[in-house]
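K.L.:
What follows is a predicted structure for the sequence shown.
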Number of protein chains: 2
Amino acid sequence: MAHITARINVAEYVFHRLRQLGVCSIYGVPGDFNLVVLDYVRPSGLHWVGCSNELSAGYAADGYARVKGLAALMTTSGVGELSALNAIAGAYAEKVPLVHIVGTPPTYLQDQNAILHHSLGDGNSRLYASIYRSFTCAQANLTLASHAPVLIDETLRQCLLHSRPVYIEIPANMAKVIISASRLEEGIDTSLSLNEGSEVEQTVVKELLKSLYSASRPLIILDGWVSRYGLEQEADDIVRLAGFPVVTTPFGKGTANETYPNFCGVYTGAAGNSDFVRWVKSRDLVIRFAPMNADTNTFGFTALTSEAITIELHKFTINIRGENYLNMNTKSILRKIISELDLSLFAYDGSCIEPRRLNMAGALDSPRPEASITQDIFWRYVSQFFHSDDIILTETGTPYAGGCDFVLPPNAKIINSALWLSIGYTLGASCGAALAQREMVEQGLRNEGRTILFEGDGSFQMTAQVLSDIIRNRLDLIIFLINNDGYTIERYVDSPHPTSPKTCLLYQCL
Amino acid sequence: MAHITARINVAEYVFHRLRQLGVCSIYGVPGDFNLVVLDYVRPSGLHWVGCSNELSAGYAADGYARVKGLAALMTTSGVGELSALNAIAGAYAEKVPLVHIVGTPPTYLQDQNAILHHSLGDGNSRLYASIYRSFTCAQANLTLASHAPVLIDETLRQCLLHSRPVYIEIPANMAKVIISASRLEEGIDTSLSLNEGSEVEQTVVKELLKSLYSASRPLIILDGWVSRYGLEQEADDIVRLAGFPVVTTPFGKGTANETYPNFCGVYTGAAGNSDFVRWVKSRDLVIRFAPMNADTNTFGFTALTSEAITIELHKFTINIRGENYLNMNTKSILRKIISELDLSLFAYDGSCIEPRRLNMAGALDSPRPEASITQDIFWRYVSQFFHSDDIILTETGTPYAGGCDFVLPPNAKIINSALWLSIGYTLGASCGAALAQREMVEQGLRNEGRTILFEGDGSFQMTAQVLSDIIRNRLDLIIFLINNDGYTIERYVDSPHPTSPKTCLLYQCL
């Protein structure tokens, strides 16, 4: 890590903080207003990943963040940041912590309302930050040297706390301005004054324990934000210790250890087996970890469970059968519960469901050379190829739907999109995931694994130039490119016919 | 053209209007919320140009509009429209009339604030329209059948009047709703109640004539919005009849007939020859047609001329030596002046400047096979390749700068960007320009010509998948792909060195 002197410039301060927070690489595209900032990327010890365009750079940063916990993206003002906006909106929607640094025009030109290029020609240089306000959880405009350290730190804190993108503007004339480095001696403080140790917290712990013990027909549903809320270990502990049947949503695929005997597959509501739906509806307790309730993830809201039997665990909110407890540190509450758990008090008898693993595992016939590759078979069959610690990306469309049928080894990670669903995302994201994986293996933070992408041809061409980024950055990736003649899923949404009932059903629920 | 019945559905109404306004093709990408609308594209007699991604589709629509006068783009809500935003922002900045149709979720789901995919998960379906408000001059959300015809017509009217993008939302459940077709019997009325025939208009005409007659050291500067304001013929008439020296800005390149003896090249202010600057500064009258005063087009504002000698002709405003006349129909005023012009009254003696055509024409040495291709020679040399009626696109960066040196035949059209300057734009735009050109030749609206693109390798990879759109749509294009190892212009902006003084100077003025 670069040496900290007592004084440092604005660009170096930002980059130093990013390195402290585990970011080793920064994604982006050069542009007129970020060139001075770019001069400090390498001297600060960061790896610059120049991308073929800003949308791909944004997607790559998103993929990197989903593996490493934080990513950084750099664009120029206007043209650059608007090209990346769809990626940032996706990161905001799906709670991905990402620092978007924008090189903006010099403050003296902004202050004059000068008619600058990369603007609408109206002298307004504040438009883009106002647009980005809807897609970021905090913003800093580094126009004043004295305020810069506090602003940078607070913005990064919000990024980590809320697991969402933030936006940092560095005007071209501010990048080299010297500021105090003293705050860098301490890390970013992400603690919050939550209701820890309070009476209300004790009530919540007691209520949760009571629910766990008394349920005779329980179910745990793991959703996609479990990793974003840092609850992987707690979810796994409870699933393992309580032994309750566990399913994931499509977004949560890969969050459960699928080798556990109590793993029951992906719950797809009305799009799945009707016995499974009936069984879920007859539960007396459903614990939903980090739920994401969009139409797609809940199959037209048919996979939602009744409030009367449901406990929802969000990052800072716990909802017990309709009652909301705010300002909760859910992680610490779950740790308390896990440490207090008395296995002898469980009413649940350990019986699992009949239709479990429907559409999931089960022996497949040996492939015949002349047979077609069909959606029904492909996704289960290809599962034999996966290893522990692989990162597997399934693109929106048929891979997202088909990926629900994967039979995963432990510690395999799925990256998909279930809310934003922007096609072309995963090719960019795979680029970021592969680099984050390589860095973490080198740092001893992850076991060796591969990055594997499943993508259709329609999605592929959206961001096809990412292949050049993959080659230029010597990334090791396995890509299954599925040529089904473009936009298959949209053809089924528009004019469903019975040749692919699975895909069809998944979208008909909408 | 499709037959109009007394009643028609919402989608058909929009498409019928587009056809009436000369749009034959519509660009876009299918998505969940525009599929119903898409079903009516072909039945309405429009050609669907499916693009590899939305940014390219937006760029293509922009290029089509710059040739044909109007274009249409269709995306899906959220992911699709945000991917296209940079293209729409560029069209807004550079005044390109473009109809962006967005297929949005059904009204009943929007009204429930349902958590839908392609949203931020907050139940807010109005966010994107609010974002687009900054980049469009009018919007229609077709939620009510009874209001749809008026809303559509008024939105299209604003698009044509202001030559800027507009935004039309068609909720998925509204596309097929039957509405009255009666308004379709009349065209869109783009007349305005301007000060025509008024006393103030007579004052302006008199002032302009007096200025033309009395100037002894006049200059005409043609800028890039001449075609957007529909003033090509008027500008050409005045340049030809008055015989005043005429230059263009970089944005206006191609707007002047370069074979006229009074054509004096591109005026590049401080980036150009100092004799030229002195000569311009010594004028006693400068008439600026459709000026665009951004830093890039005026070389850090050094190409602006003093208010005391300058007349600016905008679409609805005329500024005479600092005095603004609003609500003017500039086109009709210029037509009056042209018809009244008495050539015997001109004080100007017809003498032209010494440094004229500096950096422009002049004999070039015969090429030597072993010589390097340099910026100094290439752009002038390649001019021999151009024909009348060619459409030539110069990408932001070295082609934009080098293109100023082209020696153009009459009726050659240049498409470039001088304000928005988003790299990758022209590859998409060339796709749209080539199709518009082909359609116009088939319709007898244009003479046969070619579409020729000059682009660097850094820009090319931004939107490289457009090549597949070109092949799929069987477009005839000539592409000069200049491999200068990526982002040459940015390397010069950041660390200028003397090997390419031209490029360097152009950007150092900023």
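P.N.:
Structure received.
K.L.:
Tell me how far the helix or strand that contains A:Asp62 lies from the chain's centre.
P.N.:
Assigned by DSSP states H and E, A:Asp62 belongs to helix A:54-68. Relative to the centre of its chain, helix A:54-68 is centred 10 Å away, using C-alpha atoms, centre = their mean, to the nearest Å.
K.L.:
Can you name every helix or strand that that helix contacts?
P.N.:
Applying 3 or more C-beta pairs under 8 Å, 6 or more residues apart in numbering or on different chains; DSSP states H and E, one finds that helix A:54-68 makes contact with strand A:25-28, strand A:71-76, helix A:79-93, strand A:98-104, strand A:413-415, helix A:425-442, helix A:466-472. Any C-beta I mention is one placed from the backbone N, CA and C, and that applies to glycine too.
K.L.:
Tell me which of those lies nearest to A:Leu120.
P.N.:
Closest of these to A:Leu120 is helix A:79-93, at 10.9 Å (criterion: C-beta to C-beta).
K.L.:
Packing partners of that closest one?
P.N.:
Helix A:79-93 sits against helix A:54-68, strand A:71-76, strand A:98-104, helix A:127-132, helix A:425-442, helix B:79-93, with contacts defined as 3+ C-beta pairs under 8 Å, 6+ apart.
K.L.:
domains of chain A?
P.N.:
What the record gives for chain A is the domain set A:7-185, A:199-345, A:375-508, from the TED database.
K.L.:
looking at these, which is buried most?
P.N.:
domain A:7-185 (a mean of 23; mean count of other C-beta atoms under 10 Å in any protein chain shown).
K.L.:
Assumed A:Leu481 was part of a helix.
P.N.:
No. Membership of A:Leu481 in a helix is not supported by DSSP: H, G, I helix; E, B strand; the rest coil, which gives strand.
K.L.:
if we can go back for a sec, right, and the helices and strands packed on helix A:79-93 - which one's nearest A:Asp153?
P.N.:
strand A:98-104 (12.0 Å).
K.L.:
Counting by contacts, list what that closest one packs against.
P.N.:
When contacts are defined as 3+ C-beta pairs under 8 Å, 6+ apart, strand A:98-104 packs onto helix A:35-38, helix A:54-68, strand A:71-76, helix A:79-93, helix A:148-162, strand A:166-171.
K.L.:
Let me have these in JSON lines, extended by mean pLDDT and distance to B:Phe263.
P.N.:
Output for the helices and strands packed on strand A:98-104, formatted as JSON lines (pLDDT from 0 to 100; distance: least, C-beta to C-beta, whole Å):
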{"stretch": "helix A:35-38", "mean pLDDT": "94", "distance to B:Phe263": "36"}
{"stretch": "helix A:54-68", "mean pLDDT": "98", "distance to B:Phe263": "39"}
{"stretch": "strand A:71-76", "mean pLDDT": "98", "distance to B:Phe263": "35"}
{"stretch": "helix A:79-93", "mean pLDDT": "98", "distance to B:Phe263": "32"}
{"stretch": "helix A:148-162", "mean pLDDT": "97", "distance to B:Phe263": "51"}
{"stretch": "strand A:166-171", "mean pLDDT": "98", "distance to B:Phe263": "40"}
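K.L.:
related to what we said a few turns ago, now the domains of chain A in TSV, with distance to B:Leu435?
P.N.:
Output for the domains of chain A, formatted as TSV (distance: least, C-beta to C-beta, whole Å):
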stretch	distance to B:Leu435
domain A:7-185	23
domain A:199-345	35
domain A:375-508	19
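K.L.:
Tell me which of those domains lies nearest to B:Ser339.
P.N.:
For B:Ser339, the closest of those is domain A:7-185, at 32.9 Å, according to C-beta to C-beta.
K.L.:
chain center to that closest one, what's the gap?
P.N.:
Centre-to-centre, domain A:7-185 and its host chain are 20 Å apart (C-alpha atoms, centre = their mean).
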